[in-house]
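# pasted the sequence and its predicted model underneath.
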Amino acid sequence: TSVGFALRGLARQANRAGRAFSTQSNAEKLIIFDTTLRDGEQSPGATLTQNEKVDIARQLARLGVDVCEAGFPIASQGDFEAVSLVAQTAGVITEGRASGETMRIAGLARANEKDIERCYEAVRHAPLHRIHTFLASSDIHLEHKLGISRQECLEISAKMVAFAKTQVEDIEFSPEDAGRSDPDFLVELCTAVIEAGATTINLPDTVGYTLPQEYGSIFAYLIDKTPTGGKNVIWSTHCHNDLGLATANSLAAVQLGARQVEVTLNALGERAGNTSLEEIVMALRTRPQHFPVYCDIDTRQIMRTSKMVASYTGIAVQANKAIVGANAFAHESGIHQHGVLKNASTYEIMTPESVGADSEGGRGQLVLGKHSGKAAYKQRLIELGYPDVANDDEQLKKIVDGAKAVADQKKVISDSDLEVLLGERLYHTHEDTWELDSLAVQSNAQTGGDRVSCTATIKLIECKTGEEVMEAAIGIGPVDATFKAILRILNRPIQLTSYTVTKIEGGTDAPGNDALASIVLHIREPEDLGVLPADFPGHQGAVIREDGSLPLDGGQGIGGMAKGVVHIGNGTSTDIIVASAKAYLSAVNRMLDRQRQQSQ
């Protein structure tokens, strides 16, 4: 088609143009829009409490994120309160930020007045805030999901952006499934919403369908063809990783005019995930000559932020994940090892230190153990990128006490051990109900190990009263018996939905120097079901008409889709059964704390 030829022509023209270096004075600011707390939380199994969202948002502010999409306020009272709390806390932080400005707090809203008003009420507490509203634009969504015409889409979008403009100045509009939408219709739609007051146009590749040149060409075409009336409109990317191209697509769009990228930590998100913040930022830093932009991210905070998100969501980072994976800076091949020892640049295009992954080899003769003092731990925490923890006497004491308790059984505390302890001691935002006092397990294997019977005796302490409760149970294995004993104390049904064991590096054959075992598990109560909108983002695009009805045959609207609330637990110990018990109690305490807050 003529449009197709035009898109390809613009792409060729852009490719022939000289590439600007991000170090040049004419480099433009690339806005980093993080949606870990909204789209990232939609990863299967990821559930964050209000306090956990605030913790992550604070860390995003330290990282240098420009815009934090804190949630979908209309989804539930809890989500509304979480967005409000993020706006009041993380939304006012300026310390350590290169821009000197606070992080802008955004909320998501469907294209209807009720959603937009609710969104404004949540984000308004932040000095800088934004309403992000959306409506599907592809023919497949308009026909099969919404049952509306292109003209209706234009009218609803412009009307709702104009309404949002009565609430705030900063408005982002997303034509959902832009990657599969007619480019000429997108020109009409973007023109209409810009005239209505939209300041950012986000073009989502909602299903991860496009290829890099194709996605970038959409930006080139729309930027060239869409009249803005002299307004300074920001064009934004939002890519999903269904074909493994989310980062490549986003970077292609940046080369062709996008000046905002929507990202998540650890590439969390619906289905195969979203564009990875760490990959985008380090691509810009490593290959600046290819991008006429710069960003204000403090890359030394990347690893710390990644670990926090992984700990709170319970979704471990794959070992070979770019930038933040355990193997990202590991070399096993003899040829590679020889080269790295001679000169790290032979096989490393960035340094571990540049992303806050300082290797243990760089700490000289400093060895941490049970005889190490606070000063040694403080210095190592600063080197690992945790100066705020190191300079907080109360938090430092927690870490030192925990490390020395482990060091009684494990001679040397490695960096990995220390970061596990950081997560266990600091990433703890809930109020505990139960605490582990003691655990004894006896196993009996018969017929060559085919038949195993275990007995676990556990003693828990009720935190408020100090009351000790002991129970025993029989299971088909030590972990099963331990969990059953805990359930007998709790006297309530709980379903274990996920159980993962991670061996933390540092173990050797030497006595007393065993590796730490880390357990991550998910639980839920059978009746513990939350209620979310039927068109919750990720299934985006539904609208509610003024009379409250949905233009969908059989559509359910608010409250139409139930989603079980998953509670995440983490536990660490040199004994894998003790680690399992601690992880189970961690999840139980989170569940009880959430239910206690809901009842208040």
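It's in.

# quick one: the residue of the chain positioned farthest from its centre and Ile476, what's the gap?
In the chain, the residue that sits farthest from the middle, by Cα atoms, centre = their mean, is Thr447; the gap is 46.8 Å. Distance of Thr447 to Ile476, computed by Cβ to Cβ, to the nearest Å: 14 Å. (Glycine included, C-beta is placed from N, CA and C.)

# can you tell me how far Asp432 is from His238?
38 Å.

# more neighbours: which of those two?
Neighbour totals were compared for Asp432 and His238, and His238 leads with 29 against 17 (other Cβ atoms under 10 Å).

# what bridges to that one?
For His238, the beta-bridge partners are Pro204, Glu262 (DSSP bridges).

# that one touches Val207, doesn't it?
No: counting by Cβ atoms under 8 Å, His238 does not reach Val207; the two are 11.6 Å apart.

# shaky segments in the stretch 201-350 of the chain?
Where the stretch 201-350 of the chain drops to pLDDT under 70, the residues are 331-341.

# mind listing the strands for it?
234-239, 260-263, 293-294 (DSSP state E, counting those that start in this stretch).

# hmm, who's touching the longest one?
What that stands for is strand 234-239. For strand 234-239, the surrounding residues in contact (Cβ atoms under 8 Å, 6 or more residues apart in numbering) are 31, 33, 35, 172, 174, 199-206, 208, 215, 219, 222-223, 245-247, 249-250, 253-254, 257-262, 274-275.

# point me to the helix or strand that includes Gln595.
Using DSSP states H and E, Gln595 sits within helix 576-599.

# can you pull the buried residues of that helix?
The neighbour-count check on helix 576-599 (16 or more other Cβ atoms under 10 Å) flags 576-594 as buried.

# and for stretch 192-211?
Using 16+ other Cβ under 10 Å as the test for burial, stretch 192-211 gives 192-194, 196-210.

# so which of those residues sit within helices?
Mapping these onto helices (DSSP state H) picks out Ala192, Val193, Ile194, Ala196.

# nearest to Ala111, out of those residues: which one, please.
When those are compared for distance to Ala111 (Cβ to Cβ), Val193 wins out at 10.0 Å.

# check contacts around the closest one.
Ser157, Ala158, Val161, Phe173, Ile201.

# contacts only, for the last one.
Going back to what we said before, that points to Ile201. Glu172, Phe173, Ser174, Cys190, Val193, Ile194, Leu222, Thr226, Val233, Ile234, Trp235, Ser236.

# any idea how far the strand or helix carrying the second one is from the middle of the chain?
Translated: Phe173. Using DSSP H and E, Phe173 maps to strand 171-176. When distances are taken as Cα atoms, centre = their mean, to the nearest Å, strand 171-176 is centred 21 Å away from the chain's centroid.

# contacts for that strand next, please.
For strand 171-176, contacts defined as Cβ under 8 Å, 6+ apart pick out 106, 130-138, 141, 157, 161, 164-165, 181, 186, 189-190, 193, 197-204, 206, 236, 238, 540-541.

# CA atoms only: put that strand into PDB for me.
Coordinates of the C-alpha atoms in strand 171-176 are reproduced here as PDB (Å, rounded to 0.1, in the frame of the first residue of the first chain):
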ATOM      1  CA  ILE A 171      -2.100  13.500  30.100                       C
ATOM      2  CA  GLU A 172      -0.900  10.400  28.400                       C
ATOM      3  CA  PHE A 173      -3.100   8.600  25.800                       C
ATOM      4  CA  SER A 174      -2.500   5.100  24.600                       C
ATOM      5  CA  PRO A 175      -4.300   3.600  21.500                       C
ATOM      6  CA  GLU A 176      -4.200   0.000  22.600                       C
END
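
# need the contact partners of the one helix or strand Val54 maps to.
Element membership for Val54 (DSSP H and E) is helix 50-63. By Cβ under 8 Å, 6+ apart, the residues outside helix 50-63 that reach it are 34, 36-37, 48, 68, 70-71, 78, 81-82, 85-86, 89-91, 93, 96-97, 102-103, 297-298, 301-302, 304-305, 308-309, 312, 388, 427, 429-430, 597.

# next, count neighbours for Cys190.
Neighbours around Cys190, by other Cβ under 10 Å: 26.

# is Ile523 in a bridge, and if so with what?
Beta-bridge partners, per DSSP bridges, of Ile523: Leu496, His567.

# tell me the contacts of it?
Ile494, Gln495, Leu496, Thr497, Val566, His567, Gly569, Tyr584, Ala587, Val588, Met591.

# pull the number of nearby residues for the second one.
What that stands for is Gln495. Neighbours of Gln495 (other Cβ under 10 Å): 12.

# touching, it and Pro526? I think so.
Yes: under the criterion of Cβ under 8 Å, Gln495 lies in contact with Pro526, with a separation of 6.0 Å.

# so what sits against both of the two?
When contacts are counted by Cβ under 8 Å, 6+ apart, Gln495 and Pro526 have no shared neighbour.

# skipping adjacent residues, who's closest to Pro127 in space?
Distance criterion Cβ to Cβ, 6 or more residues apart in numbering; nearest residue to Pro127, sequence neighbours excluded, is Thr102 at 5.1 Å.

# so which residues of the stretch 401-550 of the chain form helices?
Counting by DSSP state H, counting those that start in this stretch, residue ranges of the helices within the stretch 401-550 of the chain are 415-426, 478-490.

# so which of the ones you listed gets nearest Leu268?
Once the helices of the stretch 401-550 of the chain are compared by Cβ to Cβ, helix 415-426 is nearest, at 16.8 Å.

# could you find the closest non-adjacent residue to Val281?
Setting aside the residues directly before and after it, Val281 is nearest to Ile297 in space (Cβ to Cβ, 6+ apart), at 4.8 Å.

# just to revisit the earlier point, give me the subset of the contacts of strand 171-176 lying in strands.
Residues of these located in strands (DSSP state E): 106, 130-136, 200-204, 236, 238.

# how about those, which pair is most distant?
Distance extremes for those: the farthest pair is Arg130 and Ala136 at 20.6 Å, using Cβ to Cβ.

# more neighbours: which of those two?
Set Arg130 next to Ala136 and count neighbours by other Cβ under 10 Å: Ala136 wins out with 29 against 24.

# returning to that earlier point: tell me the one of the contacts of Ile523 nearest Ser345?
Among those, and counting by Cβ to Cβ, the member closest to Ser345 is Gly569, at 41.6 Å.

# ok, residues contacting the one helix or strand the closest one maps to?
In this structure, Gly569 sits in strand 567-573 according to DSSP H and E. Strand 567-573 has contacts (Cβ under 8 Å, 6+ apart) with 45, 47, 311-314, 420-421, 423-424, 504, 516-524, 578-588, 590-591, 594.

# pretty sure Arg150 contacts Phe185?
Yes: contact status for Arg150 versus Phe185: in contact at 5.8 Å, counting by Cβ under 8 Å.

# residue boundaries of the strands in the stretch 351-500 of the chain?
Ranges of strands in the stretch 351-500 of the chain, per DSSP E, counting those that start in this stretch, are 434-446, 451-462, 468-475, 495-503.

# buried deepest among these, which one?
strand 451-462 (a mean of 18; mean count of other Cβ atoms under 10 Å).

# which neighbours does that one have in its sheet, and in what orientation?
By DSSP bridges, strand 451-462 pairs with strand 434-446 (antiparallel), strand 468-475 (antiparallel).
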